[in-house]
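Asks: Structure, please.
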Amino acid sequence: MKHAKTIALVDWNWQGHHPTYFNYFILALEELGVDVLALCPNPEAAEKTANETRPRSGSSLAKRGQTHFRKIKISDRRFGRLLPVPLVAIDWTIRHFAGIEKQVREWASVSGDKVDAIYYACMYDRDFEWVSYAQPFLRFPWMGLYLHAMSFRAPGRRNPATGRTPCPEKMFGGRLCRAICILDEGIAEQVSKTIGKPVVTFPDLTDERLPAHSSAMLLGGRLKRWADGRPIVGLFGHLQRSKGILALLEAARMPGASEICFALGGEIIWPVGPGEASQMQLTLAECPNIWNHLVRIPDGEQMNSLLAACDIIYAAYLDFPHSSNIMTKAAFLKKPLIVSDGYLMAERVQRFNMGEIVPQSKAPELLEAILKISKDPVVWVADNQPRWGDYCEEHSYGRLKASFDELLGSV
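Replies: The predicted structure follows:
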């Protein structure tokens, strides 16, 4: 269905998955006939990526929407820093969202286009916690992707960024919020009942671009040469404590792991626990079966070349109840996953037979799962019959268009 609408697509973050989601949202909205005002921190990069990827989604559509890229301006949190924390947060929230609407109105005034709604590409509790206080200053209907619906998978858990328990019914209960999207298909009905609004399940898309030609400069090739035929277990992205990095390094030090290559790639955020950083540094320096590239790796060809070089993708995160598009990458590359038990990722791995599930932070069980897969990957695949294709279909670009089509009915 074509929608003759104009949507302001907004994101003030620009790391990790953010540019990827932003780009796919632009393409899907365009194909649905929607004009887009794209407000983001790096409009030049966003426009370049859209131009590079747009042809793959079909360029001969009868009514393709047009996208206008602009740099977003956001408020500084430091204003009012002498006030109590909640007042500072409320003050920032009002200025932040009112400032975004001002930019949208200014663009609409100059362009002559009427903006129908604002879509927030990635909504976090830390930014939307006090949004109800901004409602009297706002006028546009809005929607967005509520990325981490933590209070439904982990009730009562405090958000580490705010120290407070999320309250979605307050964030999304206002009259201007028309609907929200989530990545977790298992809680959609519960979220809808709680906030009293339509909830649309979105696929967890990822950049699937692979290098057109092999090159000695690609990280995946360097990793394969270094491994020299040994099975490779890889952890890539933002390397922080919550990614389960400590258990992975502990497993790498165990006697039975000497013939396994453990690969770490991405910007590392050192743990704050006593002695953890020094222990990690010692392990990285002394363990002969660990390969590392500890700088930021852009999503796309370089990241995917690394993942394609692996025999197993490690995603046994700590207390992580959310979706991760590393699962989508594993599915399209047909690589077994290792994930932690207890949450959405484990449910999906079990449903699609995509890997092994281990107790979190348990290095012996982790190494056992690694050896189980790496001993004979062909036999493992034959025994488990992974449904990688079905997973890719459920988290496909076509599914994203269908979800947006459903969502736009709420505007």
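Asks: only C-alpha atoms for contact and neighbour calcs from this point on.
Replies: Noted.
Asks: Show me the contact partners of the helix or strand of the chain with the lowest mean pLDDT.
Replies: With mean pLDDT, DSSP states H and E as the measure, the helix or strand of the chain carrying the lowest mean pLDDT is helix 150-153 (a mean of 82). With contact meaning CA atoms under 8 Å, 6 or more residues apart in numbering, helix 150-153 is reached by 157, 165, 166, 167, 187, 190, 191, 321, 322, 343.
Asks: residue ranges for the helices of the stretch 1-150 of the chain, please.
Replies: Using DSSP state H, counting those that start in this stretch, the helices of the stretch 1-150 of the chain run over 18-31, 43-53, 85-111, 125-128, 150-153.
Asks: Out of those helices, which gets nearest to residue 179?
Replies: helix 125-128 (14.4 Å; CA to CA).
Asks: so residue 181, which of the three states?
Replies: strand (DSSP: H, G, I helix; E, B strand; the rest coil).
Asks: CA atoms of stretch 283-294 as PDB?
Replies: C-alpha atoms of stretch 283-294 as PDB (Å, rounded to 0.1, in the frame of the first residue of the first chain):
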ATOM      1  CA  THR A 283      45.200 -12.700  28.900                       C
ATOM      2  CA  LEU A 284      45.300 -10.800  25.700                       C
ATOM      3  CA  ALA A 285      49.000 -10.300  25.900                       C
ATOM      4  CA  GLU A 286      49.900 -13.900  27.000                       C
ATOM      5  CA  CYS A 287      47.300 -16.200  25.500                       C
ATOM      6  CA  PRO A 288      48.700 -17.600  22.200                       C
ATOM      7  CA  ASN A 289      45.300 -18.600  20.800                       C
ATOM      8  CA  ILE A 290      43.600 -15.100  21.000                       C
ATOM      9  CA  TRP A 291      43.500 -12.800  17.900                       C
ATOM     10  CA  ASN A 292      42.400  -9.200  18.500                       C
ATOM     11  CA  HIS A 293      41.700  -6.100  16.600                       C
ATOM     12  CA  LEU A 294      40.700  -3.600  19.300                       C
END
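Asks: buried ones in it?
Replies: 283, 284, 289, 290, 291, 292, 294 (16 or more other CA atoms under 10 Å).
Asks: Just name the most buried of the helices of the stretch 1-150 of the chain.
Replies: The highest mean neighbour count among the helices of the stretch 1-150 of the chain, using mean count of other CA atoms under 10 Å, belongs to helix 18-31: a mean of 22.
Asks: Pull out the buried positions in the helix or strand just after the least confident helix or strand of the chain.
Replies: As assigned by DSSP states H and E, the chain's next helix or strand after helix 150-153 is helix 168-171. Using 16+ other CA under 10 Å as the test for burial, helix 168-171 gives 168, 170, 171.
Asks: same deal with stretch 185-195?
Replies: Within stretch 185-195, judged by 16+ other CA under 10 Å, the buried ones are 187, 188, 191, 192, 194, 195.
Asks: who's in contact with it?
Replies: By CA under 8 Å, 6+ apart, stretch 185-195 touches 152-153, 168-170, 172-173, 182, 198-201, 344.
Asks: what do you get for stretch 341-357?
Replies: 153, 184, 186, 320-324, 327, 331, 335-340, 358-360, 369, 384-388, 390-391.
Asks: Would you tell me which of the helices of the stretch 1-150 of the chain gets closest to residue 244?
Replies: Of all those, helix 150-153 comes closest under CA to CA, at 18.4 Å.
Asks: Please save the CA atoms from the closest one in PDB.
Replies: This file holds the C-alpha atoms of helix 150-153, laid out as PDB (Å, rounded to 0.1, in the frame of the first residue of the first chain):
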ATOM      1  CA  MET A 150      13.600  -4.300  29.500                       C
ATOM      2  CA  SER A 151      10.800  -3.900  32.000                       C
ATOM      3  CA  PHE A 152       8.800  -6.700  30.300                       C
ATOM      4  CA  ARG A 153      11.600  -9.300  30.100                       C
END
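Asks: if we can go back for a sec, which of the buried residues of helix 168-171 sits closest to residue 365?
Replies: Using CA to CA, the buried residues of helix 168-171 come closest to residue 365 at residue 168, 36.1 Å.
Asks: mind checking how far the closest residue to residue 19 other than its chain neighbours is from residue 23?
Replies: Leaving aside its chain neighbours, residue 19 sits nearest to residue 46 (7.0 Å; criterion: CA to CA, 6 or more residues apart in numbering). Per CA to CA, to the nearest Å, residue 46 is found 7 Å from residue 23.
Asks: before we move on, what about residue 373?
Replies: In terms of CA to CA, residue 373 sits 35 Å off from residue 23.
Asks: For the stretch 101-250 of the chain, give me the ranges with low pLDDT.
Replies: 213-217 (pLDDT under 70).
Asks: In it, what residue spans correspond to strands?
Replies: Per DSSP state E, counting those that start in this stretch, the stretch 101-250 of the chain carries strands over the ranges 117-123, 142-146, 180-182, 199-201, 232-236.
Asks: Give me the distance between residue 384 and residue 354.
Replies: Taking CA to CA, one finds residue 384 at 8 Å from residue 354.
Asks: which of those two has more neighbours?
Replies: residue 354 (26 against 13; other CA atoms under 10 Å).
Asks: sorry, back to before: closest one of the contacts of helix 150-153 to residue 223?
Replies: residue 322 (29.1 Å).
Asks: still on that earlier bit, and of the contacts of stretch 185-195, the nearest to residue 220?
Replies: residue 344 (28.7 Å).
Asks: follow-up on the earlier one: surely the residue nearest to residue 19 touches residue 21?
Replies: No - contact between residue 46 and residue 21 fails when scored by CA atoms under 8 Å: they sit 10.6 Å apart.
Asks: Before we move on, what's the pLDDT of residue 271?
Replies: Turning to residue 271, the model gives it a pLDDT of 70.
Asks: ditto for residue 278
Replies: On the pLDDT scale, residue 278 gets 86.
Asks: cool, and the one 5 residues further on?
Replies: Per-residue pLDDT puts residue 283 at 91.
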